[in-house]
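Colleague: this one's sequence-less:
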């Protein structure tokens, strides 16, 4: 048996906010295997991002343990790079320098960095922008820079927190295919947070539904890859889509009308 | 008031849809600036014809005073002040700039550090909270007592002012930086030191440019005012002497010379800073 | 049960303080009442300790760093600056040093300084904003004003006091014009920039609604420039305090600055602490009052 990429044991997070004690996560037990593409889905503000932050080591749990490849997590590390919803491309570094910095932090020798930077930028289709300032790129392009930077860090686990939330449909599709390609080439473990059911169906091996700070459902998706937009017509996928929408509390207006 | 005059001017850069006008490339800019100063001179000359030379001398009298005393001045020599207007202006400018640099850099260090350490922030709060709203000039008299009227007191007054102004801005800039940048960097494996150097410091500089400009202009002003209170050279000394004799032409000459020299230094420093932070939006590549 | 939404950066930062011990990345510092208490207590303790060292090393320690009790004891001495009146004889005319005299002297000085500052500042605001709008709305004037405004801002304002004393004598009039001159350039520049930064879509939108020029000016332009103007005027306000203090320190009679300049002559540090304390309170209060006042005008922003 291989060591799990991520293991959470009896994990709880409590915030002492202005509104009093808030239980953000309660009693989470979870094992994620290496190479898995796991999607955390749930209504907004019910613990997905908190869980991801805990795995990243950005937030210390109130109770419980986090193990990454068998070792206790005590803070953020390059082994668990994260792509944020916010734009985190460093605007004061040129595009190439953003990727280069990740390589430098990883300890890659200076003479190898140039070629590697070029490679990662090419993977996301941005070779021509290495010398540009981030502000000169569109939001979608900057997100691709974030992806290239995160992959350049060469983490064992890649964490993605609603990374494509504010982007338009076409840009998202491009980014989805880039993520899938990089994931299959580099065999990373990916934990991806979203509240978008279609995105989930397109990306996930495994779906964890999170509601009220608990994992309420753990599903496997074994639709064949590469998955395309045609998945929308697949009966199994439709059933899964409905199940997830129910979990998210989305009520189909047509069905609601029938029920009445 | 015609609001319509704010129509878009030909060549308005795309994307900068504001009321404002495009200021043009630099040869044009220089021409407009010189033109503006010419207008100022005309207004001055017109005013001067209605006032006595002691109240407001005509521009050419000021020019005469400047050229006559530029490199050496009998009047200054008589009072035991070395050199002419130029060397005294240069003294004031360089002393003030050095003091401003020392004060500003330490203010930046304390400001950024206090945005990252609560203890430092608590300790710096009497300075950075109080003097964010109160003119730091009020500390000047204390410097005069502690250091005696002289170069040390002058420089300390200037440095203290710049320390506070830059400290407050740097603290604000470093505190308002989105935490996502640092968190992203941390997950890429950046240590606390890496993040300070590659994220917090570069991100804190652009909001400071306005403060730097303010600091420099005020630095000459404070330095010269402190010199008025007792100094053996510098602009303040020259102004104090000239005005005792009712020589307004000399006063204006040396003050204008300081203004122009200051403007040159200010343009060089802020130009260098603007170039270093050209990654910001709004600046052209 | 609702869990906090961590996606908004602002919310996240606020939570960061209350989260169960975050790792080092999320450390964000804030200035709280506690900070001020810690900061000022430390300052007082350091001052007191330093004064104890000074007391052993200097011949006239109270002129270098008086201890805190010594400073408090010097309060009565401020009555030296009371010029007589209100049934209290001036000390120079043979009156006694009294607490009442000290309070009266401080209050009168504060009153004089504040009036001078307010007169100059108000005048600068009226003239500066009007001029700034005229310049800001015209492309030509805006370009033409760049050079003169930059030059005027670069002049060593404080060192020009001898000129004002020469023109107006060492009087209140000189102080007011000095404050006016020292702040008006800042006000003009702030107004011009504020007008320049009004998004075109505001005026366009208003025009599609059929606004007249006057309406455009009153209902669109003025409210739109206020937020940015507010910052500029706050800066000008602290300049105004600087100018009035400078004027009084450098020769204009009366006011807190003149009291300060007498205290400097005798190295009376204790008195200086009280005078600058009053000045600091006045300046800080005026900035707070200004921000409250303009805040009411800007309620739509919140």
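Modeller: Thanks, I have the structure now. Bear in mind the structure is a predicted one, so any value in this text is a computation, not a measurement.
Colleague: the residue in the stretch 151-285 of chain B positioned nearest to chain A: what secondary structure?
Modeller: In the stretch 151-285 of chain B, the residue found nearest to chain A is residue B:189; the distance is 3.0 Å by C-beta to the nearest C-beta. No exception for glycine: its C-beta is placed from N, CA and C like everyone else's. What DSSP: H, G, I helix; E, B strand; the rest coil gives for residue B:189 is coil.
Colleague: all the helices of chain A, residue numbers only.
Modeller: For chain A, the helices defined by DSSP state H cover A:48-56, A:95-106, A:110-123, A:139-152, A:169-186, A:197-203, A:235-247, A:253-259.
Colleague: okay, the closest residue to chain B within the stretch 51-200 of chain A: pLDDT?
Modeller: Closest residue of the stretch 51-200 of chain A to chain B, C-beta to the nearest C-beta: residue A:78 (3.0 Å). Reported pLDDT at residue A:78 in the predicted model: 90.
Colleague: can you get me a residue count around residue C:83?
Modeller: Neighbour count for residue C:83, taken as other C-beta atoms under 10 Å in any protein chain shown: 13.
Colleague: quick check: the nearest residue to it once chain neighbours are set aside vs residue C:278, distance?
Modeller: Computed as C-beta to C-beta, 6 or more residues apart in numbering or on different chains, the closest residue to residue C:83 that is not its neighbour in sequence is residue C:90, at 5.4 Å. Using C-beta to C-beta, to the nearest Å, one gets 20 Å for the distance from residue C:90 to residue C:278.
Colleague: cool, and residue B:124?
Modeller: The gap separating residue B:124 from residue C:278 is 24 Å, by C-beta to C-beta.
Colleague: the more surrounded of these two?
Modeller: residue B:124 (24 against 18).
Colleague: so for stretch C:177-189, mean pLDDT?
Modeller: 94.
Colleague: ugh, wrong one, I meant stretch A:113-121
Modeller: 94.
Colleague: now find how far off-centre it is within its chain.
Modeller: 23 Å (C-alpha atoms, centre = their mean, to the nearest Å).
Colleague: now check it, is it near chain B?
Modeller: No: Stretch A:113-121 does not reach chain B (C-beta under 8 Å from any C-beta of the partner chain); its nearest approach is 12.7 Å.
Colleague: can you give me the helices in the stretch 101-250 of chain C?
Modeller: C:139-154, C:161-168, C:172-196, C:200-208, C:213-215, C:222-249 (DSSP state H, counting those that start in this stretch).
Colleague: export those to a markdown table and tack on distance to chain B and mean neighbour count?
Modeller: A markdown table is the format used below for the helices of the stretch 101-250 of chain C (distance: least, C-beta to the nearest C-beta, whole Å; neighbours: other C-beta atoms under 10 Å in any protein chain shown):
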| stretch | distance to chain B | mean neighbour count |
| --- | --- | --- |
| helix C:139-154 | 3 | 20 |
| helix C:161-168 | 4 | 20 |
| helix C:172-196 | 3 | 24 |
| helix C:200-208 | 5 | 14 |
| helix C:213-215 | 6 | 13 |
| helix C:222-249 | 4 | 23 |
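Colleague: output these as a markdown table; include the columns distance to residue C:53.
Modeller: What follows is the helices of the stretch 101-250 of chain C, written out as a markdown table (distance: least, C-beta to C-beta, whole Å):
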| stretch | distance to residue C:53 |
| --- | --- |
| helix C:139-154 | 42 |
| helix C:161-168 | 37 |
| helix C:172-196 | 39 |
| helix C:200-208 | 61 |
| helix C:213-215 | 68 |
| helix C:222-249 | 29 |
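Colleague: and of these, who's closest to residue A:121?
Modeller: Closest approach to residue A:121 among these is made by helix C:200-208 (36.1 Å; C-beta to C-beta).
Colleague: now do stretch C:81-99, average pLDDT.
Modeller: Mean per-residue pLDDT for stretch C:81-99: 77.
Colleague: can you tell me the distance between the two ends of it?
Modeller: For stretch C:81-99, the first-to-last residue distance is 12 Å (C-alpha to C-alpha, to the nearest Å).
Colleague: buried stuff in it?
Modeller: Neighbour-count burial for stretch C:81-99 flags C:81, C:82, C:88, C:90, C:91 (criterion: 16 or more other C-beta atoms under 10 Å in any protein chain shown).
Colleague: quick one: contacts of it?
Modeller: C:75-77, C:79-80, C:100-102, C:104-105, C:108-109, C:259, C:262 (C-beta atoms under 8 Å, 6 or more residues apart in numbering or on different chains).
Colleague: switch to 7 Å and redo it
Modeller: Residues outside stretch C:81-99 that contact it (C-beta atoms under 7 Å, 6 or more residues apart in numbering or on different chains): C:76, C:77, C:79, C:80, C:100, C:101, C:104, C:105, C:109, C:259, C:262.
Colleague: what about the fifth one, distance to residue C:76?
Modeller: In this structure, residue C:100 and residue C:76 are 10 Å apart, going by C-beta to C-beta.
Colleague: least confident secondary structure element in the chain?
Modeller: With no chain named, the answer covers chain A. Using mean pLDDT, DSSP states H and E, helix A:253-259 stands out as the lowest-scoring helix or strand of chain A, at a mean of 64.
Colleague: not quite, I wanted chain B
Modeller: helix B:74-78 (a mean of 82).
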